[in-house]
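Novice: build the 3D model from these lines:
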Amino acid sequence: MNLLGWKYSVRPNPFFCYFGGKWRAAERYPLPIHQTIIEPFAGAAGYSVHYPELDVMLYDIDPIICGVWEYLIHTSAEEIRKLPIEVDHIDNINVSQEAKWLIGFWLNKASSSPRLAPSSWMKGGTRPNSHWGEVIRERIASQVCAIKHWKISCKSYEEIDNEKATWFIDPPYAGKSGKGYKCKFDAYEELAQWCQTRQGQVIVCEQAGANWLPFEPFAKISSMSGYGRKSYSEEVIWKNLG
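Specialist: Below is the predicted model:
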């Protein structure tokens, strides 16, 4: 049982994989202490996926990210199970654009945009159950019932109402590591002021070397950096546990 008193059995796996995602590291971050979680830079919402029973409000300026979440929130398990398994190119399958984006994120994991064709990893059979196929399709279908109450809005962070909640703020990182995102970001001074004025519990993620908030060392997180290779990111954190 967590701090809010509700119980979960098995936490969902990622609904899709996104560059810089936090699903693997989410359990290391502080538990949410409010009924509502707000992620202003949603991406694949790796933190919120660990707490699906809560009221989750996702925001992103990327219409593709927002479209994928709209699809997942509003599409039935039965419809997801009808998605094609064999995909040689996204343009060759007859499904909605949002479904194509969802599948595209699974054709090459941890990308900042959905792919049109399977990656060399997928074609080579590397970890077959980690790319689009029957296992991933069934996993997603079996999980969507848990997020029907979630909400997604295509808004920039500064447009979000300041309400008392658990704010999990995972922006594109400053410096070289942040250049891999499709939507570029450099307003860190403004973001720092905004983070410090949020009501409730605030958790801000960054990488070692960032100084736009008084970050503290947090954890060494593993990530994939190439075919079969792992690298590690020195993560830092700023938090207000109010």
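Novice: ok, the residue positioned nearest the centre of the chain - contacts?
Specialist: Geometric centre of the chain, nearest residue: A44, 1.9 Å, by CA atoms, centre = their mean. The neighbours of A44, taking CB atoms under 8 Å, 6 or more residues apart in numbering as the test, are P14, F15, F16, C17, Y18, G21, W23, F105. (Each C-beta comes from the backbone N, C-alpha and C, glycine too.)
Novice: adding neighbour count, write the residues you listed out as CSV.
Specialist: Putting the contacts of A44 into CSV (neighbours: other CB atoms under 10 Å) gives the following:
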residue, neighbour count
P14, 21
F15, 26
F16, 24
C17, 21
Y18, 25
G21, 21
W23, 21
F105, 26
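Novice: next one: the residue lying farthest from the centre of the chain from E98, what distance?
Specialist: Ranked by distance from the centre of the chain (CA atoms, centre = their mean), the top residue is N92, with 27.0 Å. To E98, N92 is 17 Å away according to CB to CB, to the nearest Å.
Novice: again with K109
Specialist: On the measure of CB to CB, K109 and E98 end up 19 Å apart.
Novice: have a look at those two and say which one is more surrounded.
Specialist: K109 (21 against 18; other CB atoms under 10 Å).
Novice: identify the residues contacting the more buried one.
Specialist: Counting by CB under 8 Å, 6+ apart, K109 has contacts C17, S119, W121, S130, H131, M224.
Novice: checking my notes, it in a helix, right?
Specialist: No - K109 is assigned coil when assessed by DSSP: H, G, I helix; E, B strand; the rest coil, not a helix.
Novice: let's have the contacts of K109 in CSV, adding distance to W238, pLDDT and secondary structure.
Specialist: Converted to CSV, the contacts of K109 look like this (distance: CB to CB, whole Å; pLDDT from 0 to 100; DSSP: H, G, I helix; E, B strand; the rest coil):
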residue, distance to W238, pLDDT, secondary structure
C17, 26, 87, coil
S119, 34, 82, coil
W121, 34, 72, helix
S130, 32, 85, helix
H131, 35, 90, coil
M224, 26, 48, strand
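Novice: just the strands in this structure please.
Specialist: Here the chain has its strands, by DSSP state E, at 36-39, 55-59, 151-153, 165-169, 200-207, 216-226, 229-241.
Novice: least confident of these, on average?
Specialist: For these, mean pLDDT drops lowest on strand 216-226, to a mean of 72.
Novice: mind listing what the residue farthest from the centre of the chain touches?
Specialist: No contacts exist for N92 under CB under 8 Å, 6+ apart.
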